[in-house]
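K.L.:
no sequence for this one, just the structure:
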């Protein structure tokens, strides 16, 4: 189990291996004690999650991610990876832009 304090940068983890297949499901978890975290796809902030009961997600929400929060774990599931996500840099940050490590998904396409 990861332990985070407010002074640390967020930590981003995934259940993905080095290479994942197109259409596979992947879970990304941002570990941080902040009350809000941002999700980043490349250099673009795509989602803000605020802790609460229930947690609050910004609009518009990416239609390719299902997210929830259980502080200090902010989790997003991508139920079906697409080739457009290949080599994309994912990261999370707290509200003052203290960034996590980066996760890059290497996606292999189906051979038809």
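P.N.:
Thanks, I have it. Remember, it's a predicted structure, so these values are computed and weren't measured experimentally.
K.L.:
Where do the strands of this structure begin and end?
P.N.:
11-14, 19-21, 26-31, 36-41, 44-50, 56-57, 66-70, 73-78, 89-94, 103-104, 106-108 (DSSP state E).
K.L.:
per-residue pLDDT, the residue nearest the centre of the chain?
P.N.:
Most central residue of the chain, judged by C-alpha distance to the mean C-alpha position with CA atoms, centre = their mean, is residue 28 at 4.3 Å. If you check residue 28, the pLDDT there is 96.
K.L.:
try residue 110
P.N.:
67.
K.L.:
oh, and call the first residue 671 from now on, that's how I've got it
P.N.:
In the new count, where the first residue is 671, that last one comes out as residue 780.
K.L.:
so where is this protein shaky, pLDDT-wise?
P.N.:
By pLDDT under 70, the low-scoring segments of the chain are 671-677, 780-782.
K.L.:
Go again with 80.
P.N.:
Residue ranges of the chain with pLDDT under 80: 671-677, 722-723, 767, 780-782.
K.L.:
gap between the two ends of stretch 698-705?
P.N.:
Start to finish, the residues bounding stretch 698-705 are 18 Å apart (CA to CA, to the nearest Å).
K.L.:
For that stretch, which residues meet the burial criterion?
P.N.:
Taking 16 or more other CB atoms under 10 Å as the basis for neighbour counts, the residues of stretch 698-705 that come out buried are 698, 699, 700, 701, 702, 704. The C-beta positions use only the backbone N, C-alpha and C, and glycine is treated the same way.
K.L.:
what's the answer for stretch 768-778, then?
P.N.:
770, 773, 775, 777.
K.L.:
Please apply the same query to stretch 733-753.
P.N.:
By neighbour count on 16+ other CB under 10 Å, the buried set for stretch 733-753 is 734, 735, 737, 739, 742, 744, 745, 746, 747, 748, 751.
K.L.:
The fifth one contacts residue 707, doesn't it?
P.N.:
No. Look at residue 742 against residue 707 with CB atoms under 8 Å: they stay out of range, at 9.5 Å.
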